[in-house]
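Chemist: kindly return the folded structure for what I paste below:
(2 chains)
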2 protein chains.
Amino acid sequence: MRHVSRNRPFLLRNGAKDFKARKKWNATYLTNVMSGQNVNVALTPHGNADALISLPPTTSSGDGDVHSIFVKPYEIEEPFASVLQAIQAQELSDPPKQQADTPPTRYAQTQNDNLRNEYAPLFGDVPRSIPFARIALEKDPDAINFWLGNSHSCTALHKDHYENIYVQILGRKHFVLLPPLEAPCVNEKAVLAATYRPRSNLKPPTAAAAGGLAKGDLVVAVDEPVAYVPFATWDPDLPDENTTLYSGLSRPLRVTLEEGDMLYLPALWYHKVSQSCNEEGICCAVNYWYDLDFSGGFWSSANFVRSAGLLSMQKEETRKEADGQVCAKE
Amino acid sequence: MRHVSRNRPFLLRNGAKDFKARKKWNATYLTNVMSGQNVNVALTPHGNADALISLPPTTSSGDGDVHSIFVKPYEIEEPFASVLQAIQAQELSDPPKQQADTPPTRYAQTQNDNLRNEYAPLFGDVPRSIPFARIALEKDPDAINFWLGNSHSCTALHKDHYENIYVQILGRKHFVLLPPLEAPCVNEKAVLAATYRPRSNLKPPTAAAAGGLAKGDLVVAVDEPVAYVPFATWDPDLPDENTTLYSGLSRPLRVTLEEGDMLYLPALWYHKVSQSCNEEGICCAVNYWYDLDFSGGFWSSANFVRSAGLLSMQKEETRKEADGQVCAKE
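Modeler: So this is what the prediction gives:
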């Protein structure tokens, strides 16, 4: 409760050691329990589900600017066993297959309360809620999510308006964390929204057809109607690119969750997440999302700081444009 | 703990009903227990300890501006029995004596942990800490203060960087409360600091001499060296005067503490306090100050909002000055 009050993360090393999931889950068990179940899986060519990709400079502007686009994954339904095998095969292939004719990266990451729905056969292996979180937050989880992927997938820096208890079951996850007040550091911009889809000269996607898709078959299609989504364009792992005036002041926290560890990731904290696999070639986690408390000053003050950061970016852009006009006149 | 987390006040009606102070304290008891003790008392002509007074327009500027000055009370040491009697006599006189030759308003309000020092004989009548506050805040009080005054005293709108448990023992207190995020409403300005002192042609102040001081003997002396203190110049009871662009958005909470009531007044909340007396002509309270928690984002974000408000005031002033110059040219 004190950590929630301060909006500060903590890590419980081996806090989930008594979860049945920690004792029972492995590739064979998951395959058996999920036998015959279809699940949603995100396909991307580079493991970049819900991430930015850079567009090359346009010849018309000619100013060397690199523009970004926010790309959501191509989502398909596949038998769970196929998803698991594809994730393992990609991870364990040596050397890694990067060619366009190899399969895309798969990540089961729906974040729609999937552990109480499509993964229901596994739900009995974890608590229905986390006791300390239920007491501190005075509520039950809004969503409980199952995550299965490999080291090829990385989740870009973003924030959620949920209190988050993240539990590592198999493999490891590597978090980079920034508090909400570092919003002015992350260079949030309105980015064009797009989605990966198969090239249009392929057959209509079916489960079977999708299974045969290769990396090179996925192309970026701008969403219709055209939409822009606010997204952090600064990457704490590339701290000198896409900076704001304040990015250099950011002090990212880095933490690796080992098997059995539980992380309290407070609401509105920015997080970037990469992963490492166990010896079976999988990384598997469960997380609990609890709605944040909007009743105090936290939500409004965090958004005020974020808005002030956005305003300062606009002013900086205006200043740069004005400088550019002066140069052009010379 | 949840209220601290949300920085939101609450009132425990009759929460202090079991305090010995509630059962034992009255004018006779206080006089007997404090017999022979000298105490610090604040003297002011108008009950305005730690408050703003307005200066009339200066002839040089001629623009009708009213400037304010922050005046601290004249502090003297007096026998407790004399203080109590003077407070009662002023309250119970009918009609109230407003003339310059009547005694100034007295208010025992040192706020320097006085209940564990000069009022130590009374400290046994209240808890050493408030159990729910000690548990929620994980600390003991930094200061415990005794307050004794009458309806002539009013404390101007201000904030403290303490968590506050305010306990009404005798009489009533009337609080006007504003959350920290309303800082841009209160028109905080750097105000010239001053202190009441006796006119210089009076004898040097001694306890006996001070006892004979009249309202008209107190004059305002600007502090040396000259200092400016940041102070809220907007008064929620005069909402149309000294406004900022945001004052009209303020939604003050008003609460009256009856005898035995306990108020949790969260850190950084602005409060203005006036008082009503019991039938003995006194108003008596005790409060517990606990240091605020600086470890989360609360302190920094509250100050950021306050600073943004100050910046917007500067910009508004600049705009008004620019408008004024345009008018002057016409």
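Chemist: output the below-cut-off pLDDT ranges for the stretch 1-150 of chain A.
Modeler: Applying pLDDT under 70 to the stretch 1-150 of chain A flags the ranges A:56-66.
Chemist: excluding its backbone neighbours, what's nearest whichever residue of it sits closest to chain B?
Modeler: Across the stretch 1-150 of chain A, no residue is closer to chain B than A:R6, which sits at 3.2 Å (CB to the nearest CB). For glycine as for every other residue, the C-beta is placed from the backbone atoms N, C-alpha and C. Residue nearest to A:R6 in three dimensions, not counting chain neighbours: B:G296, with 3.2 Å by CB to CB, 6 or more residues apart in numbering or on different chains.
Chemist: repeat that for A:E118.
Modeler: Nearest non-adjacent residue to A:E118, counting by CB to CB, 6+ apart: A:V39, 5.1 Å away.
Chemist: returning to that earlier point: how far away is the residue nearest to A:R6 from A:P179?
Modeler: 9 Å (CB to CB, to the nearest Å).
Chemist: quick one: common contacting residues for these two?
Modeler: Between them, B:G296 and A:P179 share these contacting residues under CB atoms under 8 Å, 6 or more residues apart in numbering or on different chains: A:7-8.
Chemist: what is the neighbour count of the residue in the stretch 201-330 of chain A positioned nearest to chain B?
Modeler: Nearest residue of the stretch 201-330 of chain A to chain B: A:G296, at 3.1 Å (CB to the nearest CB). Residues near A:G296, counting by other CB atoms under 10 Å in any protein chain shown, number 20.
Chemist: near chain B, which residues of the stretch 201-330 of chain A are found?
Modeler: Neighbours of chain B within the stretch 201-330 of chain A, by CB under 8 Å from any CB of the partner chain: A:293, A:295-298, A:300-302, A:304-305, A:308.
Chemist: drop anything exposed from these.
Modeler: Applying 16 or more other CB atoms under 10 Å in any protein chain shown to these, the neighbour count classes A:293, A:296-298, A:301-302, A:304-305, A:308 as buried.
Chemist: ok, the residue nearest the centre of chain A - contacts?
Modeler: Centroid check for chain A by CA atoms, centre = their mean gives A:T155 as the closest residue, at 3.2 Å. By CB under 8 Å, 6+ apart, the contact set of A:T155 is A:49-51, A:109, A:271-274.
Chemist: in strands only, show me these.
Modeler: Among the contacts of A:T155, the residues falling in strands (DSSP state E) are A:51, A:271-274.
Chemist: where along the stretch 151-300 of chain A do the strands fall?
Modeler: Remark: strands assigned in the stretch 151-300 of chain A by DSSP state E, counting those that start in this stretch are A:154-158, A:162-170, A:172-178, A:188-198, A:218-222, A:228-232, A:253-257, A:262-265, A:270-276, A:283-291.
Chemist: tell me what the second one is packed against?
Modeler: Taking 3 or more CB pairs under 8 Å, 6 or more residues apart in numbering or on different chains; DSSP states H and E as contact, the helices and strands that strand A:162-170 lies on are helix A:131-137, strand A:262-265, strand A:283-291.
Chemist: mean neighbour count for those - can I get that in a markdown table?
Modeler: Shown next, in a markdown table, are those (neighbours: other CB atoms under 10 Å in any protein chain shown):
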| stretch | mean neighbour count |
| --- | --- |
| helix A:131-137 | 16 |
| strand A:262-265 | 23 |
| strand A:283-291 | 23 |
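Chemist: picking up where we left off before, any idea how far the residue nearest to A:E118 is from A:E78?
Modeler: 7 Å.
Chemist: what's near enough to touch A:S68?
Modeler: So A:S68 contacts A:52-55, A:189, A:191, A:231, A:233 (CB under 8 Å, 6+ apart).
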